[in-house]
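no letters, just coordinates:
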């Protein structure tokens, strides 16, 4: 089992920045990828960014490329999402996900609100 806890959400003005953190605990040695997703009311959860635990290869949604950066600190079992040039449309609950074989683990989510 893997437990994920997100932090770092909040309220920010358009153009501002936030950094989200996702701390993993439990059987973290077998995690393959970690990712961030987001969801707004009435919409499906959407992919934001992904990073491989080993090697650090990354992928981003087109909507955040050039503005968001995902990174990880293997020693701290933590993944980060640096969000710059935030827009009102980035407002959502952001979730961290860990992939372990065929299993997916989710955090509880953290609210990000961008005011115009």
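It's in. Quantities reported herein were computed from a predicted structural model and do not represent experimental measurements.

same for the helix or strand encompassing residue 49, what does it pack against?
With secondary structure defined by DSSP states H and E, residue 49 is part of strand 46-52. Contact partners of strand 46-52 among helices and strands, from 3 or more Cβ pairs under 8 Å, 6 or more residues apart in numbering; DSSP states H and E: strand 33-39, strand 58-60, strand 68-73, strand 78-83. Glycine gets a C-beta too; all of them are placed from N, C-alpha and C.

where does pLDDT dip in the protein?
Within the chain, the ranges that satisfy pLDDT under 70 run 30.

can you name the farthest residue from the center of it?
residue 116 (22.4 Å; Cα atoms, centre = their mean).

isn't that one right next to residue 88, touching?
Yes: counting by Cβ atoms under 8 Å, residue 88 is a contact partner of residue 116 at 4.7 Å.

what's the closest non-adjacent residue to the most centrally placed residue in the chain?
By Cα atoms, centre = their mean, the chain has its centre lying nearest to residue 36, at 2.8 Å. Nearest residue to residue 36, sequence neighbours excluded (Cβ to Cβ, 6 or more residues apart in numbering): residue 48, at 4.3 Å.

anything in contact with each of residue 116 and residue 88?
residue 14 (Cβ atoms under 8 Å, 6 or more residues apart in numbering).

quick revisit: any chance of a markdown table for the helices and strands packed on strand 46-52, columns distance to residue 102?
As requested, these are arranged in a markdown table below (distance: least, Cβ to Cβ, whole Å):
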| stretch | distance to residue 102 |
| --- | --- |
| strand 33-39 | 13 |
| strand 58-60 | 19 |
| strand 68-73 | 21 |
| strand 78-83 | 20 |
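
right, I'll call it a day here.
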